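A.B. asks: A structural model of the following input is requested.
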Amino acid sequence: MRNERGGTVMSEEPASNTNHGRRPTFGAFLRSEPTLFPQDLDDCYAAAADDDKHRVSNASAAASPLHYYDASPSAGYSTSSPSPYPMSPLNQLSPYAKSPWIVPSPLLGGFSGKSGLVGSLVRKEGHVYSLAAAGDLLYTGSDSKNIRVWKNFREFSGFKSNSGLVKAIIISGDRVFTGHQDGKIRVWKKPSKDNRHLNNLSVAAHKRIGSLPTLKDCIKSSINPKNYVQVRRRSKVLRIKHFDAVSCLSLNQEAGILYSGSWDKTMKVWRLSDSKHLESVDAHDDAINAIASGFDSLVFTGSADGTVKVWRRELHGNGTRHFLIRLLLDQESAVTSLAVGEASGVVYSGSSDGAVNFWTRGKHLSHGGVLRGHKLAVLCLAAAGNLVLSGSADKSISVWRRDPVTGAHSWLNVLTGHGGPIKCLAVEQERTPGADDNDVQNDGRLIVYSGSLDKSVRIWSVSEHTPEMRPYSSPRRSPE
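C.D. replies: From the prediction side, this is the model:
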């Protein structure tokens, strides 16, 4: 059911319980497996540790019947509740809500102010690990191996990978790239906009058109023994392949390059035009958790080894090479997330200790300060315009606004309501109803999507003009 004020909310009984391997190493929190989070999480996280015998196969990605309910205040419950059922685990408040660090937003009750909840998408088939928004489409990836496509608050389409939890999604034109737990990057083609069956789920399907690296690159590389690397005592793999989970993807649309980061400690570079592997870089001493393509041909990588590194792309013969030019951060806590504000020229880094460090382009990437709005790990970041949002294992999203003149950050809001750690964020500029993809509002209002380990996605409307929650000055410190 579509509601003009509150949006549409969906819920469905769990279809399956999934299981994915917990990594035996990793000294910080950050490989983001559900079992690594605090033990007070709801019972839905324990389901992720169930044995495979409880898993129900879901060979088709087509939508099953969903239950709709009104999210407006007139329906008798707050829009901050993801379910009308009071005993639902998704209705239980975060145990961190009483913390002075977590301030519930006074605007979530009725969506009549500057910021607030629009609606929720709930399809209990797995923890939500990845999000990507493109126009009126939202892509969600989970440990169920399904990629769901949503349009106008309704499930529009979907497609299923053969194996591998979906840890990253990125969209480039008519192609969708997905990074998986099994170390593979899969490539899908979106249905054409002029497809007369576009609204038919069974016909307007996304088709898999390949994977990275391509079969051609693999065959060519396999001829030379020097192209293999030792990964275990008696095992070797091609260097152009990731041999561990692909944890993050980033796109440089202008250069036509896709970057991938992995728990195998490498960054790999791919050319979009022909899916060719260009380079493999041994970037860190531990798993790479975040990668972000930025300004001035720079690429930023963050790792469980506690470092943030800056790489510069330069022409090298007929191709490109990336050179390490700077170490931005070196600390004990694992780096869990990165975001680059292209317009503001600011780089943000989230850590497992709950801190968000930032550096400014105008001062040669000098350290600008630390934002502290969480007591647990910052698992995801998103930057758009003058706003930056941080999602945390404490089940909340902090919203910050950067002053374009002074560079100071104001703490605007804390969005609460998720029943589990917030694993991913996606941001789109809010569009005028009925407008095309290129017609967007310029009043500083954003649509924010948040994916959580509570198996739900929430949609928020956030404005740059929201009054700050309380005076806040960014504490300055020099990274260790």
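
A.B. asks: quick one: buried residues of stretch 129-146?
C.D. replies: Using 16 or more other CB atoms under 10 Å as the test for burial, stretch 129-146 gives 129-134, 137-146. (Each C-beta comes from the backbone N, C-alpha and C, glycine too.)

A.B. asks: make that stretch 364-382, sorry
C.D. replies: Of the residues in stretch 364-382, 365, 367-382 count as buried by neighbour count, 16+ other CB under 10 Å.

A.B. asks: pLDDT on that stretch, on average?
C.D. replies: The predicted model gives stretch 364-382 an average pLDDT of 94.

A.B. asks: what do you get for stretch 231-251?
C.D. replies: 91.

A.B. asks: That stretch: end-to-end distance?
C.D. replies: Across stretch 231-251, the terminal residues are separated by 27 Å (CA to CA, to the nearest Å).

A.B. asks: and the next element down the chain from the strand or helix carrying W188?
C.D. replies: Here W188 sits within strand 185-189, counting by DSSP states H and E. Heading C-terminal from strand 185-189, the first helix or strand you meet, by DSSP H and E, is strand 207-212.

A.B. asks: tell me which residues in that next one are buried?
C.D. replies: For strand 207-212, burial by neighbour count (16+ other CB under 10 Å) applies to R208, S211, L212.

A.B. asks: what pairs with the second one across the strands?
C.D. replies: So the one you mean is S211. With DSSP bridges applied, S211 shows beta-bridge pairing to R186.

A.B. asks: mind checking pLDDT for it?
C.D. replies: 93.

A.B. asks: so it sits right up against K184, yeah?
C.D. replies: Yes: between S211 and K184 there is a contact under CB atoms under 8 Å: 5.7 Å.

A.B. asks: The closest residue to L381 other than its chain neighbours: neighbouring residues, count only.
C.D. replies: Closest residue in space to L381, ignoring its immediate chain neighbours: A339 at 3.7 Å, by CB to CB, 6 or more residues apart in numbering. Applying other CB atoms under 10 Å, we find 25 residues neighbouring A339.

A.B. asks: can you map out the strands along the stretch 51-200 of the chain?
C.D. replies: Counting by DSSP state E, counting those that start in this stretch, the segments of the stretch 51-200 of the chain that form strands are 67-70, 116-122, 128-134, 137-142, 146-151, 154-160, 166-172, 175-180, 185-189.

A.B. asks: residues near A255, how many?
C.D. replies: A255: 14 surrounding residues under other CB under 10 Å.

A.B. asks: isn't it right up against G319?
C.D. replies: No: counting by CB under 8 Å, A255 sits too far from G319 to count as a contact (11.9 Å).

A.B. asks: circling back: need the residues that contact the strand holding W188.
C.D. replies: Outside strand 185-189, the residues within contact range by CB atoms under 8 Å, 6 or more residues apart in numbering are 147, 159, 161, 174-180, 206-212, 242, 246, 249, 260, 270, 275.

A.B. asks: Let's see the PyMOL selection covering just the buried ones among those.
C.D. replies: Of these, the buried ones go into a single PyMOL selection, burial set by 16+ other CB under 10 Å:
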select buried, resi 147+159+161+175+176+177+178+179+180+206+208+211+212+242+246+249+260+270+275
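
A.B. asks: Counting neighbours, show which residues of the strand holding W188 come out buried.
C.D. replies: Residues of strand 185-189 classed as buried: I185, R186, V187, W188 (neighbour count, 16+ other CB under 10 Å).

A.B. asks: before we move on, the earlier item: could you grab the helix/strand/coil label for the residue nearest to L381?
C.D. replies: Using DSSP: H, G, I helix; E, B strand; the rest coil, the three-state assignment for A339 comes out as strand.

A.B. asks: Nearest residue to H322 in space, please, no chain neighbours.
C.D. replies: In space, and not counting its chain neighbours, H322 is closest to W311: 4.4 Å by CB to CB, 6+ apart.

A.B. asks: for G256, same thing?
C.D. replies: G256 sits nearest to L272 (CB to CB, 6+ apart), 4.6 Å away.

A.B. asks: The one you found - how many residues pack around it?
C.D. replies: Number of residues near L272 (other CB under 10 Å) recorded here: 17.

A.B. asks: That one contacts Y259, doesn't it?
C.D. replies: No: L272 is beyond contact range of Y259, at 11.0 Å (criterion: CB under 8 Å).

A.B. asks: So the residue nearest to G256 versus P404, what's the distance?
C.D. replies: Between L272 and P404 the computed distance is 32 Å (CB to CB, to the nearest Å).
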